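> Sequence and predicted structure, then a few things I'm wondering about:
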Amino acid sequence: MSAAVMSSAPTRSGPGLRLTLALFLTPVVLWLGLLIVLPHIDLLIMSFRMDPSFGDQGWSLENYHQFFAEPIYWLTFVRTAGYSVLVTLLTFLVSLPVAFYVTKVVARNTSRFLLTMLLLPFWVSELVRVYGWMILLRESGVLNHWLMALGITGAPVEMLYNDATMIMGLVYTSMLFMVVPLVSVLESLDDSLIEAACDLGAGPWTIMRTIVVPHCMPGIVSGGIVVFMLTLGNYLTPNLMGGKNSLWFTEQIYNQFIASFNWNQGAAFGFLLLALSSCIIWLGLRLTGQKLSRVVQ
Amino acid sequence: MIRSLPRSRGYTMGYGLYVTLYFVFLFAPLAVTCVLAFNDSQFPSLPWKGFTLDWFLADLPARTGIFHDRGNLSSIFTSAQTAILVSVLATLVGTCAAFLFEQEEFPLKGALYFLMLAPLVVPGVILGISILIAATTAGTFMEDVLGIDVGILRPGFWLVVLGQFSFITTFVTLVVSARLKKFDRTLEEAALNLGATRLEVIRYITLPFLRTAIIGAGAVAFLMSFENFNTTLFLVGSEPTLPINLYLQVRDGSTPVINAISFLLIVGTSLVACVNLYAGRRTEVSS
């Protein structure tokens, strides 16, 4: 009896099992169907139609044509993609030494404490963190006050509103999503492998390249995917820290929806961004032979 | 190189310096925000003009502290309402989903599981605009065909709740599933053999086992909802949530009252985070 219950095969299950299946399945199907599948289908349909205020004109590729015809649109798109790759790389380079230090170098009881400290700032809203950088870096900001007090600069320097600061802000926002997967793969790396390599005469650089990085690959990929996706879809940081020329593609989408009220054009932009992020994620998984369900764990 | 191996002095010091700098980088913006919440100045900047609690308590024409700031208080209230509703809904549906994917078998399970993960890889902005579009389409349809005006489908409180719920539920599902994977199913088997029904097993055996995971997931869902910006941006109506309201003030420049709110947020979220970490560790030890 219990074997039949345990396997819970639909053909052999009793009425009780059917009931629980329906109980669990209904809310989940409603959630995914109404809030995930339908809206994205609607997004796709909308992007292939024209602004209805000029009358219904049937299907059209005009919105996508607009994207390629106007350099400001596709240039923003390419810039956003390029900068997102750069941010992902920089985040990795900044986070790896820290993750290694916390898991392998520092004493074990300090390690727990440092890890908690690493995570703590990321529980705070992104807006608060960006605001903190703004009051540090702006012309009347804290950093300028100190620089002038120390006599390093005579007049305040505007450090906010440029690409470099925006990149820094995006790296800052993303670090957690790289550190956490790196820490978890590093914890599974056996110290004796590193000790053996060291005994056999390998230098730190060789150990890093031939042992640590290959072992960390699953963590690097999952961290990279999350960081890339979050950076690509970020609105706050580029909007508040970037300058006039640091337009992010999400801002283009926002402009189409809220300022120009051209939802069809905005839908096309949204779909292009979704396609780009899905492609990169698929590529990342493909290149390293991993499954999405494993990466998100 | 690592703690068990001898290291050169330069290596230790250099590495220590890097990690120290990293932590300074990590905490500098938060520390500065907190300190300037207590500065007796009209602007959130130096020089230091003395300690004050005005940005929390004052109710003067030139200075309104957070506890008297109507606009910000009502946005905090809106955010809290949204977050409570979203965390309850997401916890309920997420727990159902965890049971569904861990304990039930049905056709197309793999496809549905993949769909469940999709919100993790869809940028929040895209989720916001698709739900906005779908709700508007549905609203227009209701009005044109059935002649009913459905207020829920216009940007506003309920649409924000739906939008946040749509992706936060995935996180709850993953957290509860992870715990459910560790459950010893022979316990269920024993209860079934002793005559319990499937629902009784879930009620008296599985749910108590999952309790800490569900509470933890609910707390994280609350925080995620409270702080959400990207999805909410497109769905918000005339009642802004706190992040949206703060964003508008930060963009247009404001008084240190923003620092006071940030200070409260930092203290509040740190407390929730610590409790969550502590509870999580206790579960790890006991299981």
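Cool, the structure landed.

> Using the three-state scheme, assign the spatially most central residue of chain A.
Centroid-nearest residue in chain A, with CA atoms, centre = their mean: residue A:230, separated by 2.4 Å. Following DSSP: H, G, I helix; E, B strand; the rest coil, residue A:230 is assigned to helix.

> residue contacts, it?
By CB atoms under 8 Å, 6 or more residues apart in numbering or on different chains, residue A:230 lies in contact with A:173, A:174, A:177, B:123. In short, each C-beta sits where N, CA and C put it, glycine included.

> now check the one helix or strand residue A:253 maps to, is it near chain B?
Per DSSP states H and E, residue A:253 falls inside helix A:249-254. Yes. Using CB under 8 Å from any CB of the partner chain, helix A:249-254 reaches chain B at A:250, A:253, A:254.

> of all these, which comes closest to residue B:79?
Closest approach to residue B:79 among the residues of helix A:249-254 next to chain B (CB to CB): residue A:254, at 20.7 Å.

> residues near that closest one, how many?
20 (other CB atoms under 10 Å in any protein chain shown).

> hang on, it packs against residue A:234?
No. With contact defined as CB atoms under 8 Å, residue A:254 does not count as touching residue A:234 (11.9 Å).

> And the residue in the stretch 101-250 of chain B that chain A sits nearest to, its phi and psi?
As assessed by CB to the nearest CB, chain A sits closest to residue B:123 within the stretch 101-250 of chain B, at 2.6 Å. For residue B:123, the backbone dihedrals are phi -60, psi 140 (criterion: degrees, to the nearest 10).

> Next: residue B:8.
Phi and psi for residue B:8, reported as degrees, to the nearest 10, are phi -70, psi 160.

> still on that earlier bit, please name the nearest non-neighbouring residue to the residue of the stretch 101-250 of chain B closest to chain A.
Nearest residue to residue B:123, sequence neighbours excluded (CB to CB, 6 or more residues apart in numbering or on different chains): residue A:233, at 2.6 Å.

> what's near enough to touch the one you found?
Neighbouring residues of residue A:233 by CB under 8 Å, 6+ apart: A:250, A:273, A:277, B:123, B:124, B:125, B:126, B:230.

> Just put the residues you listed in TSV and tack on pLDDT.
What follows is those, written out as TSV (pLDDT from 0 to 100):
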residue	pLDDT
A:250	90
A:273	92
A:277	88
B:123	89
B:124	89
B:125	91
B:126	92
B:230	89
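
> Just to be sure, which of those residues are found in strands?
Per DSSP state E, strands hold no members of these.

> And the longest helix along chain B, what does it pack against?
In chain B, taking DSSP state H as the definition, the longest helix is helix B:70-103. Judged by 3 or more CB pairs under 8 Å, 6 or more residues apart in numbering or on different chains; DSSP states H and E, the packing partners of helix B:70-103 are helix A:15-32, helix B:109-121, helix B:157-181, helix B:207-227, helix B:242-252, helix B:257-286.

> Name the residues of that helix that are buried.
Buried residues in helix B:70-103, defined by neighbour count with 16 or more other CB atoms under 10 Å in any protein chain shown: B:72, B:75-76, B:78-79, B:82-83, B:85-87, B:89-91, B:93-103.

> Could you do stretch B:53-72 as well?
For stretch B:53-72, the neighbour count (16+ other CB under 10 Å) marks B:54, B:55, B:56, B:58, B:63, B:64, B:65, B:66, B:69, B:72 as buried.

> count of neighbours near residue B:239?
A count of neighbours around residue B:239, defined by other CB under 10 Å, yields 17.

> A helix includes it, no?
No. Checked against three-state DSSP, residue B:239 lies outside a helix; its state is coil.

> Tell me the predicted confidence for it.
Note on residue B:239: pLDDT of 85.

> which residue sits closest to it in space, ignoring its chain neighbours?
residue B:78 (4.9 Å).

> Kindly report the same for residue B:88.
The shortest distance from residue B:88 to any non-neighbouring residue, by CB to CB, 6+ apart, is to residue B:218 (7.6 Å).

> what sits against that neighbour?
Counted by CB under 8 Å, 6+ apart, residue B:218 has contacts B:87, B:88, B:90, B:91, B:172.

> what's the most distant pair in the residues you listed?
By the measure CB to CB, B:88 and B:172 form the most distant pair in these, at 10.7 Å.

> Buried residues in stretch A:59-68, which are they?
A:62, A:63, A:64, A:66, A:67.

> what's the burial count for the closest residue to the third one other than its chain neighbours?
Just to be clear, that refers to residue A:64. Nearest residue to residue A:64, sequence neighbours excluded (CB to CB, 6+ apart): residue A:268, at 5.5 Å. Residue A:268 has 27 neighbours, counted by other CB under 10 Å.

> and the angle from the host helix or strand of residue A:268 to helix B:109-121?
Using DSSP H and E, residue A:268 sits within helix A:263-288. Per axes from the mean of the first three to the mean of the last three CA atoms, to 10 degrees, the angle that helix A:263-288 makes with helix B:109-121 is 110 degrees.

> Tell me the helices and strands packed up against helix A:263-288.
Counting by 3+ CB pairs under 8 Å, 6+ apart, helix A:263-288 packs on helix A:38-47, helix A:62-69, helix A:71-100, helix A:213-232, helix A:249-254, helix A:292-295, helix B:109-121, helix B:124-141.

> ok now do residue 36, which residues does it touch?
Picked chain A for this. Listed by CB under 8 Å, 6+ apart, the contact partners of residue A:36 are B:115, B:118, B:119, B:166.

> Chain B is the one I meant
A:135, A:142, B:44, B:45, B:46, B:256, B:259.

> Now render those as TSV, adding neighbour count.
Formatted as TSV, the contacts of residue B:36 follow (neighbours: other CB atoms under 10 Å in any protein chain shown):
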residue	neighbour count
A:135	25
A:142	20
B:44	28
B:45	20
B:46	20
B:256	27
B:259	26
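
> ok, of these, which one's closest to residue B:271?
residue B:259 (18.7 Å).

> Tell me the spacing between that closest one and chain A.
According to CB to the nearest CB, to the nearest Å, residue B:259 stands 8 Å off from chain A.

> what bits of the chain have low per-residue confidence?
With no chain named, the answer covers chain A. Along chain A, the parts satisfying pLDDT under 70 run over A:1-17, A:52-57, A:290-297.

> Not quite, go with chain B.
For chain B (pLDDT under 70), the answer is B:1, B:276, B:279-287.
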